[in-house]
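Novice: predicted model and sequence below, questions to follow.
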Amino acid sequence: MSRISLTLFFVLTLVCVHGQIFPVDTLLKTGDIRRRINLVFLSDGYQAHEMNTYITDVNRLLTDMFSQVPFKHYRNYFNAFAIKVPSNQSGAKHPRTSSDSDCAPVPQQDVDNYFGSTFDYGNIHRLLVPTKAGTIAVTLANNFPLFDQAFVLVNSPFYGGSGGSVAASSTHSNANEVSIHEIGHSFAGLADEYWAGSAYAFERPNLTQQNNPSLVKWASWVGHAGVGVYPHAEASNWFRPHQNCKMRYLNVPFCDVCNETFVERIHTLVNPIDEYSPRLPVVALANEPLQFSVNYIKPEPNTMSVIWKKDGAVLATNQDAVTVPVASFTTAQAIITATLTDNTALSRSATHTTSHAYVIEWTVTAEAPVTGVKVQTELLKYEVSVFPNPVVKDLQLSYVLPRDARVKVVLEDLSGRQLTSLLDEQQGPGSHSVSVDVSDILKSSGVYVLAFQFDELVTFKRIIKPD
Ligand SMILES: [Zn+2]
Ligand SMILES: [Zn+2]
């Protein structure tokens, strides 16, 4: 018996090495991984015997992140996992090739780490980058393909980090603040609010060349809590929204403009409706209570409103359930809707209420005289899925239409810029599936967003093109 176990162990070990399957720890689980934003951490420069330190380091970062605005209000929208990837040696590479003054005090070293994390990237000492992007993509695909944001934590005590499609930071004493700043780049597409150089100067949610306060993209915030239109001292034709934001300095909060960008991104990635009832068609008799309910992800404090309507007339507000007497259904057909909207003060986005209103609809049919009714759900959730992800060539888009709808699918980059329209047509009810060859459309590796619009409602899916 023990011999069989040993043989099995040997085979499993071989599979682990060649299939690159690593242990994954669950650090925060607020819901189903298909219905939450999954933060997925990868270790670099941690040896096998340092995995407990790695988990402690990630937990420290998560505790800090979820104590800060906006994450503390939206903690229930996130899961967090840590893939335990061992390196042969500890730490980060430091070729000592940067000419800036931060470089010289840090010792030169070559390190055999798994994802090739190195300082001095692009000749900037503190730019700490995991250079093996292909290995990161393969590791994610094999171990946690449903990730929304990947983060490489590098076991080095020296200050550094980076915010590409995958965020990275060291474990320096300021690492939590660096990490949260880098997540601003990677997760929300934010720019630095210090001057990072003309190579990084693009229109971003918090960086612009528009200096007219009434035309600037953050016009709705101008005059609130220090938001204005401030020229960069180093490039006076570029403007930032605040003088003291975490995208500029560590250990200060994000400004209103950056917070709004995070909130919009969170709603882009998560539909807050977890469950609703009735889900299947039901028949209710006249003397039975007919209850409708919704179970949704509540921000803390709960800024979501729930409006229940019957044929457009308000039945109740801010209740998770309503009971409607069967006898009150006097017409042949009635529509019950529950509309959920996040009224958070953190967003003043003009498109917020239309883009992020979530509707559940039930059709109630009765025959006169009303002795009972039949209830059917039409959830305007469309059950959108994209497969495979990451994608190289053929992308399959699937969704369910509860009724006729104008369907538009647009590909955007992370900052919300439209790249191309994939679909724009009127379609009938039922399941739909569209295959798109994206090999020419996704020109470079990285993260893209598919915006699905069904009449007035918009929902989003992230896709990734690997290196
Ligand atoms: Zn250096
Ligand atoms: Zn900011």
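Specialist: Ah, there it is. Numbers count the residues shown, from 1 in each chain. Ligands and ions are numbered 1, 2, ... in the order given.

Novice: contact partners for whichever residue of the stretch 201-350 of the chain sits closest to ligand 1?
Specialist: Relative to ligand 1, the nearest point of the stretch 201-350 of the chain is Leu250 (19.4 Å; C-beta to the ion). Every C-beta, even on glycine, is put in place using the N, C-alpha and C of the backbone. For Leu250, the contact set (C-beta atoms under 8 Å, 6 or more residues apart in numbering) comprises 174, 177-178, 181.

Novice: next, it: secondary structure please.
Specialist: Following DSSP: H, G, I helix; E, B strand; the rest coil, we place Leu250 in the coil state.

Novice: quick one: it from Phe454, how far?
Specialist: Look at Leu250 and Phe454: by C-beta to C-beta, to the nearest Å, they are 42 Å apart.

Novice: and after the lowest-mean-pLDDT helix or strand in the chain, which helix or strand comes next?
Specialist: Counting by mean pLDDT, DSSP states H and E, the chain has its least confident helix or strand at helix 2-19, which shows a mean of 42. Toward the C-terminal end, the helix or strand that comes next after helix 2-19 (DSSP states H and E) is strand 24-28.

Novice: packing partners of the helix or strand that comes right after that following strand?
Specialist: Sequence order places strand 37-44 as the next helix or strand after strand 24-28, per DSSP H and E. Judged by 3 or more C-beta pairs under 8 Å, 6 or more residues apart in numbering; DSSP states H and E, strand 37-44 is in contact with helix 51-65, strand 78-83, helix 133-143, strand 149-154.

Novice: just checking: what are the partner strands of strand 37-44?
Specialist: strand 78-83 (parallel), strand 149-154 (parallel) (DSSP bridges).

Novice: got the angle between it and helix 133-143?
Specialist: Orientation note: strand 37-44 sits at an angle of 120 degrees relative to helix 133-143 (axes from the mean of the first three to the mean of the last three C-alpha atoms, to 10 degrees).

Novice: follow-up on the earlier one: ok, the contacts of Leu250 vs ligand 1, which is closest?
Specialist: Nearest to ligand 1 among the contacts of Leu250, with distances taken as C-beta to the ion, is Val178, at 15.8 Å.

Novice: returning to what we had before: from Val227, how far out is the residue of the stretch 201-350 of the chain closest to ligand 1?
Specialist: 20 Å.

Novice: show the end-to-end separation of stretch 167-178, please.
Specialist: 10 Å (C-alpha to C-alpha, to the nearest Å).

Novice: pull the residues that contact it.
Specialist: 44, 57, 60-61, 64-65, 92, 117, 128-130, 149-162, 179, 182-183, 185-187, 246, 250-251.

Novice: do stretch 132-145 as well
Specialist: 19-22, 24, 38, 40, 42, 81, 83, 85, 114-116, 130, 147, 150, 152, 166, 389-390, 445, 464, 466-467.

Novice: now that we have the residues you listed, which of them are buried?
Specialist: Buried members of these, counted by 16 or more other C-beta atoms under 10 Å: 22, 38, 40, 42, 81, 83, 85, 114-116, 130, 147, 150, 152, 166, 389-390, 445, 464, 466.

Novice: where does the stretch 301-450 of the chain have low pLDDT?
Specialist: 351-355, 368-370, 378-382, 414-416 (pLDDT under 70).

Novice: now do the helices in it.
Specialist: 352-355 (DSSP state H, counting those that start in this stretch).

Novice: what's the most buried one of the helices and strands packed on strand 37-44?
Specialist: strand 149-154 (a mean of 26; mean count of other C-beta atoms under 10 Å).

Novice: pLDDT on that one, on average?
Specialist: Averaged over strand 149-154, pLDDT sits at 95.

Novice: report the distance from the following helix or strand past that strand to the chain centre.
Specialist: Per DSSP H and E, the first helix or strand lying C-terminal to strand 149-154 is strand 161-163. Distance of strand 161-163 from the chain centroid (C-alpha atoms, centre = their mean, to the nearest Å) equals 17 Å.

Novice: ok, the helix or strand that comes right after strand 161-163: who's next to it in the sheet?
Specialist: Note on strand 161-163: by DSSP H and E, the next helix or strand toward the C-terminus is strand 167-169. Strand pairing for strand 167-169, using DSSP bridges, gives strand 149-154 (parallel), strand 161-163 (antiparallel).

Novice: I'd like those strands as a markdown table, with distance to Pro205 appended.
Specialist: Compiled in a markdown table, the strands paired with strand 167-169 are given as follows (distance: least, C-beta to C-beta, whole Å):
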| stretch | distance to Pro205 |
| --- | --- |
| strand 149-154 | 17 |
| strand 161-163 | 14 |
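
Novice: so which of those strands gets nearest Asn343?
Specialist: Shortest distance between Asn343 and these, using C-beta to C-beta, is found for strand 149-154: 25.4 Å.

Novice: pull the residues that contact the closest one.
Specialist: Counting by C-beta under 8 Å, 6+ apart, 37-45, 54, 57-58, 61, 91-92, 113, 115, 117, 128, 130, 136, 140, 160, 165-171, 179, 182-183, 186-187 sit against strand 149-154.

Novice: which ones among these also lie next to ligand 2?
Specialist: Among the contacts of strand 149-154, no residue sits close to ligand 2 (C-beta under 5 Å from the ion).

Novice: ok, Ser186 - contacts?
Specialist: Here Ser186 is in contact with 149, 151, 163-167 (C-beta under 8 Å, 6+ apart).

Novice: and which of those is nearest Val306?
Specialist: Looking across those and measuring by C-beta to C-beta, the closest to Val306 is Gln149, at 28.3 Å.
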